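# after the sequence you'll find the predicted model.
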Amino acid sequence: MPVLVDPAPSAPKAGATVRVKICGLTRPEDVAAVAASGAAYMGLVFFPKSPRNISIDTARALALEAPPGLAKVALLVNPGDALLDAVHDQVPLDMIQLHGQETPARVAEIRARTGLPVMKAVGIADAEDLAQLDAYAKVADQLLVDAKPPKHADLPGGNGLAFDWRLLAGYRWSKPWMLAGGLTPENVAEAIRLTGATQVDVSSGVESAPGRKAPDTIRAFVSAATAPRPPRL
Ligand SMILES: O=C(O)c1ccccc1N[C@@H]1O[C@H](COP(=O)(O)O)[C@@H](O)[C@H]1O
């Protein structure tokens, strides 16, 4: 049964629960660990250069293991229609995450083609990069704010790199959004405090090696992200 992805999470309130996405699952035990942690989303990566890349068959098997209430997100990078259709036809999904250089028009096309909510990742290194958020907010259901990858990086995300979270302070969001980039159990509470994020996404920060999720670290991350916190003044 599809998981309803909240179309409009409210501004952060005292005691508000933060929703966590754990990205890059590759094994059934990863799904079990994510489900037990209380995370809201699990991410499945379809990008051959990633250490978390999985086949469509594996993704389908993992998605079928997900309990009700755990939203299944397909992460794609500049997908062509053939890959998009294959993933959409064969894997039960709740959302698509676009993590490449997809234009706003392509985001709208993918949303219409699949009928699924789309979350568009935007890389941030400085204040000028925030300008892109407006254009994507018009066409995407959610925004994912990640660190801009280094120029010649193999991966457009999943590099364990953080950006200056203070850049987001005071930003007026018109769409639901998620914070990503270099988050760990140690820094996620501070990232939430500085940005007001009500959703966070992590991949490398909960691994023992690239592509190997660590159950204890997943648990620690979700606890740190969802711990009650004092009101923001
Ligand atoms: O996780 C990957 O391998 C990946 C590959 C290609 C694009 C994005 C990828 N991951 C996403 O990147 C961010 C940040 O990850 P990290 O926590 O810094 O490792 C996150 O949104 C992942 O979903």
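Now that the structure is in, tell me what you want to look at. From a predicted model like this one, the values you see are computed outputs, not experimental measurements.
# report the buried residues of the helix or strand where A86 lies.
According to DSSP states H and E, A86 maps onto helix 81-90. Of the residues in helix 81-90, those buried by neighbour count under the rule 16 or more other CB atoms under 10 Å are L84, V87, H88. No exception for glycine: its C-beta is placed from N, CA and C like everyone else's.
# right, is that helix up against the ligand?
No - using CB under 6 Å from any ligand atom, helix 81-90 stays clear of the ligand, with a minimum separation of 13.9 Å.
# centre of the chain to whatever helix or strand comes next after that helix, how far?
Using DSSP H and E, the helix or strand that follows helix 81-90 in sequence is strand 95-98. Chain-centre distance of strand 95-98: 8 Å, with CA atoms, centre = their mean, to the nearest Å.
# which neighbouring elements make contact with strand 95-98?
Where contact means 3 or more CB pairs under 8 Å, 6 or more residues apart in numbering; DSSP states H and E, strand 95-98 is packed against strand 71-76, helix 104-114, strand 118-124.
# present the ones you listed as JSON lines; the columns should include mean pLDDT, mean neighbour count and distance to the ligand.
Converted to JSON lines, the helices and strands packed on strand 95-98 look like this (pLDDT from 0 to 100; neighbours: other CB atoms under 10 Å; distance: least, CB to the nearest ligand atom, whole Å):
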{"stretch": "strand 71-76", "mean pLDDT": "98", "mean neighbour count": "24", "distance to the ligand": "6"}
{"stretch": "helix 104-114", "mean pLDDT": "98", "mean neighbour count": "16", "distance to the ligand": "15"}
{"stretch": "strand 118-124", "mean pLDDT": "97", "mean neighbour count": "23", "distance to the ligand": "6"}
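# so can I have JSON lines of these showing distance to A135?
As requested, those are exported to JSON lines (distance: least, CB to CB, whole Å):
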{"stretch": "strand 71-76", "distance to A135": "19"}
{"stretch": "helix 104-114", "distance to A135": "5"}
{"stretch": "strand 118-124", "distance to A135": "9"}
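# what residues are up against L161?
A147, P149, P150, G181, G182 (CB atoms under 8 Å, 6 or more residues apart in numbering).
# hmm, back to that, closest one to S37 out of the buried residues of helix 81-90, please.
S37 has its nearest neighbour among the buried residues of helix 81-90 in V87, at 24.8 Å by CB to CB.
# contacting residues for the closest one?
Contacts of V87 were listed using CB under 8 Å, 6+ apart, and they are F46, I56, A59, A74, L76, P79, L93.
# recalculate using a threshold of 10 Å.
V87 makes contacts with L44, F46, I56, A59, R60, A74, L76, P79, L93, I96, T114, as judged by CB atoms under 10 Å, 6 or more residues apart in numbering.
# before we move on, back to that, closest one of the buried residues of helix 81-90 to the ligand?
V87 (14.5 Å; CB to the nearest ligand atom).
# who does the most centrally placed residue in the chain form a beta bridge with?
Geometric centre of the chain, nearest residue: D201, 4.5 Å, by CA atoms, centre = their mean. Beta-bridge partners of D201, counted by DSSP bridges, are K21.
# confidence score at it?
On the pLDDT scale, D201 is placed at 98.
# shaky segments in the protein?
1-16, 230-233 (pLDDT under 70).
# interface residues of it facing the ligand?
23-24, 43, 45, 47, 50, 52, 75, 77, 99, 144, 146, 155-161, 180-183, 201-205.
# of those, which belong to strands?
C23, G43, V45, L75, L144, D146, D201, V202 (DSSP state E).
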